[in-house]
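> take a look and give me a structure for this.
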Amino acid sequence: MSLTSEEVNFLVYRYLLESGFIHSAFAFGHESLITKSSIDGSKVIPGALISFIQKGLQFVEVETHVNEDGTETICDGTFSAIEPHKCNIKSKRRIFDPYAADSFEDNIFGSQEASSDEVMYLRGHSNIVCSCSWHPNQPVLASGSGDATVRIWRTSKLSRGNDEHVDKKAKTEDKLVVINIPAKKQEDSSQPSDSMVVSLKWNSSGSFLATGTYDGKVHTWTANGQRAQVLDRHRAPISAIKWSPSDDRVLTASFDKSVILWNASTGAVENTFAYHQGAITDIDWKDETTFAMCSIDRTISVCSTKSTSTPEAKLEGHAADINMIKWIGSSNLASCSDDSTIKIWNAKTKSCVQDFTQHTREVCAIDWANSGQLASGSLDATVRIWDAENGKCSHNFTKHHHPVSSIQYSPNKNLLASVSHNRIYVWSLRDSSLVKTFKAEGGINDISWDSSGQRLAGGCTNNDICVVDIRR
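This is a model prediction of the structure:
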């Protein structure tokens with residue numbers, strides 16, 4: 001099952017029309033580009049949006065009352081799309097064996113399953129861990145969370161085989177630096193803050209760390225956690241942060257449809273780029289003066305830092321939201337989309353030179369090993385390796401039990417890590433074998449390799465960071 005932003009917008013548009021809000025429907029249709037949609041409205045049933053919301057409430061009711069121990073709570077409390085549900089428990093009954101599916105999944109990997117001695121947990125965040133990034137040349141890991149903090153962990157001083165290395169009460173400041181992002185006070189601390197750290201990135205030397213938050217603010221910090229600059233211009237969540245190759249400038253992308261180029265030393269805005277009609281989903285530098293950005297409006301802009309009047313090239317061809325872009329070499333740019341395809345573009349000729357169509361669902365992530373090899377991860381629960389020259393799929397990794405949300409090559413490009421729900425997989429490119437796998441206690445939002453390629457970190461929805469030793 002898939003649901004694109006275009007489909008959601010169309011359902012809202014139809015609801016407004018069916019409810020008699022003609023002017024609102026016109027304004028919404030124009031701003032959301034529904035007027036250019038390829039959806040056949042004659043096939044959409046009347047009242048579709050309300051029907052889906054009602055079925056969603058029924059699902060939430062089932063989700064609320066079905067417990068992890070295999071029992072169902074019998075409750076006569078009402079469910080509403082507006083008010084929180086209050087259970088009026090009458091009784092419970094057992095409806096399934098909670099251990100049957102997990103025991104099957106956990107037992108099929110055998111020696112590839114990471115042992116307890118190969119996994120280290122970093123604990124201390126009080127909300128979901130959205131992002132993590134290893135320092136480029138030190139055993140230092142940065143993590144960003146929904147609790148509006150960034151934590152910088154010095155993992156060389158932590159031993160393995162213990163699941164409580166650092167917790168909220170830790171006073172070992174030589175092991176941990178905590179950065180508090182300015183945030184509004186919340187009544188419910190269990191909910192993510194508006195200053196949730198959704199993106200973070202070290203510069204190439206590791207002297208500075210840039211963080212982006214849900215409220216649209218970007219900060220830069222020293223490696224010791226001292227604030228360097230506040231970059232406050234975006235008016236929607238930050239979707240990506242990229243340092244320039246020289247580390248002199250910072251490029252930030254946002255759901256506010258813009259990309260901003262900042263001077264890293266002064267925090268001044270050098271240029272603002274607003275070429276798209278939808279949220280910007282990713283950015284990537286080609287060199288010191290050229291970068292690309294992509295959007296949910298299905299297009300890619302190749303831009304010069306020296307000009308904001310028009311992009312150097314506009315690449316069109318995807319049929320749905322574009323999720324990620326990555327340069328390789330001087331002219332080739334790869335992109336992946338909700339239309340289930342990966343495309344390779346020649347920016348000089350402004351043409352698509354390869355179109356990979358073998359995925360059957362949305363493609364969430366791509367990564368280059370070299371100019372001839374590109375990896376992709378999809379919601380169809382597969383990871384594929386493509387030959388960029390002849391357009392053929394050379395590897396297809398199919399052991400994932402859930403959609404693949406993230407992939408990343410190791411520094412030496414011999415291994416490829418993939419994330420599928422709450423499990424990390426590490427694949428060998430030499431013999432296509434599964435090297436290591438690990439099941440976390442919560443869903444995994446982000447992964448990062450350390451500079452040695454021996455440890456892989458994952459930020460989880462249960463507030464943990466797991467660090468897996470990959471050495472065979």
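
> where does the protein have low pLDDT?
Applying pLDDT under 70 to the chain flags the ranges 1-2, 68-70, 90, 92-107, 156-175, 185-191, 472.

> tell me where it has helices.
Using DSSP state H, the helices of the chain run over residues 5-18, 22-31, 48-65, 100-107.

> just checking, what packs against the longest one?
On a contact count with 3 or more Cβ pairs under 8 Å, 6 or more residues apart in numbering; DSSP states H and E, helix 48-65 meets helix 5-18, strand 71-75. C-beta: built from backbone N, CA, C; applies to glycine.

> need the contact list for the closest residue to Asp338 other than its chain neighbours.
Counting by Cβ to Cβ, 6 or more residues apart in numbering, Asp338 lies nearest to Ala320, which is 3.7 Å off, once chain neighbours are set aside. With contacts defined as Cβ atoms under 8 Å, 6 or more residues apart in numbering, the neighbours of Ala320 are Thr4, Glu6, Arg298, Ser337, Asp338, Asp339, Glu362.

> ok, of those residues, which come out buried?
By neighbour count, with 16 or more other Cβ atoms under 10 Å, the contacts of Ala320 hold Thr4, Glu6, Arg298, Ser337, Asp338, Asp339, Glu362 as buried.

> for the first one, list the residues it contacts.
When the contact criterion is Cβ under 8 Å, 6+ apart, the partners of Thr4 are Ala320, Asp321, Asp338.

> surely the last one meets Asp321?
Read it as Asp338. Yes. Using Cβ atoms under 8 Å, Asp338 is in contact with Asp321, at 4.5 Å.

> on that earlier part again, what about the residue nearest to Asp338, distance to Ala375?
As for Ala320, its distance to Ala375 is 20 Å (criterion: Cβ to Cβ, to the nearest Å).

> for Ser205, same thing?
Using Cβ to Cβ, Ser205 is found at 27 Å from Ala375.

> who has more neighbours out of the two?
For Ser205 versus Ala375, the count of surrounding residues by other Cβ atoms under 10 Å is larger for Ala375: 25 against 12.

> OK, contacts around that one?
Ala375 touches Ile366, Asp367, Trp368, Ala369, Val383, Arg384, Ile385, Trp386, Ile407, Tyr409, Leu416, counting by Cβ under 8 Å, 6+ apart.

> which of those has the most neighbours?
Val383 (26 neighbours).

> what count of nearby residues applies to the residue nearest to that one when sequence neighbours are not counted?
Closest residue to Val383 apart from its sequence neighbours, by Cβ to Cβ, 6+ apart: Phe397 at 4.3 Å. Other residues within reach of Phe397, judged by other Cβ under 10 Å, total 21.

> repeat that for Glu113.
Residues contacting Glu113 under the criterion other Cβ under 10 Å number 16.

> if I look at it, how far off is Asn463?
In this view, Glu113 and Asn463 are 23 Å apart by Cβ to Cβ.

> now the residue nearest to Asp338: how far from Ile39?
Per Cβ to Cβ, Ala320 is found 11 Å from Ile39.

> mutual contacts of those two, please.
Residues touching both Ala320 and Ile39 (Cβ under 8 Å, 6+ apart): Glu6.

> picking up where we left off before, can you add distance to Trp153 and give the buried ones among the contacts of Ala320 back as a markdown table?
Below are the buried ones among the contacts of Ala320 laid out as a markdown table (distance: Cβ to Cβ, whole Å):
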| residue | distance to Trp153 |
| --- | --- |
| Thr4 | 37 |
| Glu6 | 40 |
| Arg298 | 39 |
| Ser337 | 35 |
| Asp338 | 34 |
| Asp339 | 39 |
| Glu362 | 33 |
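
> what's the farthest-apart pair in those?
Spatial extent of the buried ones among the contacts of Ala320 (Cβ to Cβ) is set by the pair Arg298 and Glu362 at 13.2 Å.

> find the residues that touch each one of these two.
Shared contacts of Arg298 and Glu362 (Cβ under 8 Å, 6+ apart): Ala320, Ser337.

> which one of the helices of the chain has the most crowded surroundings?
Counting by mean count of other Cβ atoms under 10 Å, helix 5-18 has the highest mean neighbour count of the helices of the chain, with a mean of 18.
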